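>>> Pasting a predicted model and its sequence here:
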Amino acid sequence: MNDTSQELPPPPEDPQALPMDTFPADGYPADALPDDMLPPPPPPPVTKWQQFWRRFGGDGFLVSMGIHAVLIIIALTWVVSRFVIAKEPSTFTTGAGGGNSGDKVSMLQNKIKPKHARNIAKNMPKLAAKGTRSSVAIPEMPTMNMSALDNSSSLAGSGSKGLGGGAGGGVGTGIGPGFGGKGMVSLFGAKGFNVPGLTGTFYDFKQTSGGQKQDPGVGGYKQLVNHFINTGWSEAGMGKFYKSPTKLSLQQVLIPYRQGNAGEAPAAFEAAGVEASRWMVHYKGTVSAPFTGKFRFAGTADDWITVRWQNQLVLDSGYDIMGTPTASKSKGKSAPPKVARSGDTFVMFPGRPPMQTSQWLDVRQGSSYQIEIAMGETPGGEFYAVLAYEKASEKGKLYLFRMSPDPLPEAATNGSKGQIPTNVDLGGGGIWLPKMATRNR
């Protein structure tokens, strides 16, 4: 009745096709499920330190500290490169050196005294490589013409002998050896890059700005200078006269009296072809007082020198008094005021106009003051000028008004007897440090 030969149907392969009562009561074991169906593992327990760090915001704190550290490193790098590495050594405060007429860097020369070029080449030892069976001798240097090294005029440029002292350094080969180096140094100022001093401009009243000749004569020249002084020393009103493109930085006024030296000013400012008469040089800038107290200027010139301090004419001296209103100007309703003087004078040397003195002026050490100096020559021939000052605390003693600690130009101190005043201290009294002239060429 039972047909044992009848085959039973095979069990389904898909568990989901089985009836629900065929699954275990507690389900399949966990390791039997696919990985994507497993629940995520429970997080590890949080420690008290982790709870504190999260409440404190430690991750953000670390990020902030990293950013600040990077900023500090950048700032320190800039400060070191700007104020430490780029700072010049104290022995090269002005970058002096270079050019035959440049200042001698005496401090450098005292420390570095190279042997003579001939001795260096003569005493050069032979070099050989030892430690092998045979020595390999390096051939001697070829013989050089040392006379070319001795004769500085044979070098390129103007033939500098001194070592350049500016940040550019190196052996000077002409005018301006490197940044901060002085090139040509004359009695009327130094030429170079970033040379401290009052910036000077040269004018020739005998020709127009376009080069056309128009000599005003001695009387006309005096009226033109008087107009310049009594109208605020305005350079705008000088635009119609010839102006040299070369500017110099004045570091002191000490120009000895010599025959025929009125042509040194046009030569110093590279004003080719300008005759040595009816010219004017105007210097302007800002200086820092080296002391606190009262002082007054003292100076004179052939033909004239004037000083403007804090926009006030304080000194007008020489053969010609250029700041006094002329007869034609004084007839007006409001004549310019005369320069205030103290009335005291100092002898420069016999037979020459005395050194007039200004009124007493108050200064404070380290404070800056505006100053302008103008001087010029009328008929030509000889020219000299000196500007000194006297402290109220040291009455009767004159100091040269110096704006640089550099040695004075040799041409200012090597003249014959009587060329410069003997009653002026050329090295003491302090330095009236000026602001750096941006660029003089």
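The structure has been received and is ready for your questions.
>>> show me where the chain has helices.
For the chain, applying DSSP state H gives helices covering 48-56, 58-79, 106-111, 117-122, 146-150, 217-230, 264-268, 327-330, 410-413.
>>> Tell me how far residue 63 lies from residue 77.
For residue 63, the distance to residue 77 (C-beta to C-beta, to the nearest Å) stands at 22 Å. (C-beta placed from N, C-alpha, C; glycine too.)
>>> can you list the helices of the chain in a markdown table and add mean pLDDT, distance to residue 277 and mean neighbour count?
Shown next, in a markdown table, are these (pLDDT from 0 to 100; distance: least, C-beta to C-beta, whole Å; neighbours: other C-beta atoms under 10 Å):
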| stretch | mean pLDDT | distance to residue 277 | mean neighbour count |
| --- | --- | --- | --- |
| helix 48-56 | 76 | 85 | 10 |
| helix 58-79 | 86 | 54 | 10 |
| helix 106-111 | 42 | 37 | 13 |
| helix 117-122 | 45 | 46 | 13 |
| helix 146-150 | 40 | 41 | 12 |
| helix 217-230 | 92 | 8 | 18 |
| helix 264-268 | 92 | 10 | 21 |
| helix 327-330 | 42 | 23 | 10 |
| helix 410-413 | 82 | 21 | 16 |
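>>> Out of these, flag the one nearest residue 297.
Judged by C-beta to C-beta, the one of the helices of the chain that comes nearest to residue 297 is helix 217-230, at 15.5 Å.
>>> And the closest one, what does it pack against?
Secondary-structure packing of helix 217-230 (3 or more C-beta pairs under 8 Å, 6 or more residues apart in numbering; DSSP states H and E): strand 198-208, helix 327-330, strand 368-377.
>>> could I get the ones you listed as TSV with distance to residue 306?
Output for the helices and strands packed on helix 217-230, formatted as TSV (distance: least, C-beta to C-beta, whole Å):
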stretch	distance to residue 306
strand 198-208	14
helix 327-330	16
strand 368-377	5
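>>> Worst mean pLDDT among the ones you listed?
Across those, helix 327-330 has the smallest mean pLDDT, namely a mean of 42.
>>> quick one: low-confidence ranges for the stretch 201-350 of the chain?
Counting by pLDDT under 70, the stretch 201-350 of the chain shows low-confidence ranges at 325-342.
>>> do that again at 50, thanks
Within the stretch 201-350 of the chain, the segments meeting pLDDT under 50 span 326-334.
>>> the strands in it, which residues?
Assigned by DSSP state E, counting those that start in this stretch, the stretch 201-350 of the chain shows strands spanning 241-243, 248-250, 254-258, 279-288, 293-302, 304-309, 312-318, 341-346.
>>> can you list contacts of the second one?
With C-beta atoms under 8 Å, 6 or more residues apart in numbering as the contact definition, strand 248-250 has outside contacts at 186, 188-192, 195-200, 268-269, 283, 373, 403, 437, 440.
>>> Buried residues in stretch 383-402, which are they?
Residues of stretch 383-402 classed as buried under the neighbour-count rule (16 or more other C-beta atoms under 10 Å) are 383-391, 398-402.
>>> Could you export the residues you listed as JSON lines, including pLDDT and distance to residue 226?
Output for these, formatted as JSON lines (pLDDT from 0 to 100; distance: C-beta to C-beta, whole Å):
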{"residue": "383", "pLDDT": "90", "distance to residue 226": "19"}
{"residue": "384", "pLDDT": "90", "distance to residue 226": "22"}
{"residue": "385", "pLDDT": "93", "distance to residue 226": "19"}
{"residue": "386", "pLDDT": "94", "distance to residue 226": "22"}
{"residue": "387", "pLDDT": "97", "distance to residue 226": "20"}
{"residue": "388", "pLDDT": "97", "distance to residue 226": "25"}
{"residue": "389", "pLDDT": "97", "distance to residue 226": "25"}
{"residue": "390", "pLDDT": "97", "distance to residue 226": "27"}
{"residue": "391", "pLDDT": "97", "distance to residue 226": "31"}
{"residue": "398", "pLDDT": "96", "distance to residue 226": "28"}
{"residue": "399", "pLDDT": "97", "distance to residue 226": "30"}
{"residue": "400", "pLDDT": "96", "distance to residue 226": "28"}
{"residue": "401", "pLDDT": "97", "distance to residue 226": "24"}
{"residue": "402", "pLDDT": "96", "distance to residue 226": "29"}
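>>> Let me know the pLDDT of the residue lying closest to residue 291 once chain neighbours are set aside.
Of all residues not flanking residue 291 in the chain, residue 365 sits nearest, at 5.3 Å (C-beta to C-beta, 6 or more residues apart in numbering). We have a pLDDT of 97 for residue 365.
>>> ditto for residue 33
Note for residue 33: predicted pLDDT of 46.
>>> on that earlier part again, of the contacts of strand 248-250, which qualify as buried by neighbour count?
Buried among those (16+ other C-beta under 10 Å): 186, 188-192, 195-200, 268-269, 283, 373, 403, 437, 440.
>>> isn't residue 209 right up against residue 245?
No - in this structure residue 209 lies outside contact range of residue 245 using C-beta atoms under 8 Å: 11.3 Å.
>>> Please give me every residue in contact with the nearest residue to residue 243 once chain neighbours are set aside.
Closest residue to residue 243 apart from its sequence neighbours, by C-beta to C-beta, 6+ apart: residue 203 at 5.7 Å. Under the criterion of C-beta under 8 Å, 6+ apart, the neighbours of residue 203 are 238, 241, 242, 243, 244, 279, 280, 281, 282.
>>> Distance of the second one relative to residue 279?
In this structure, residue 241 and residue 279 are separated by 10 Å, where distance is defined by C-beta to C-beta.
>>> okay, those two: which has more neighbours?
residue 279 (28 against 19; other C-beta atoms under 10 Å).
>>> how much space between the more buried one and residue 225?
10 Å.
>>> Overlap in contacts, the two.
Counting by C-beta under 8 Å, 6+ apart, the shared contacts of residue 279 and residue 225 are residue 376.
>>> And for residue 420, nearest residue in space, chain neighbours not counted?
Spatial nearest neighbour of residue 420, chain neighbours left out: residue 256 (4.9 Å); criterion: C-beta to C-beta, 6+ apart.
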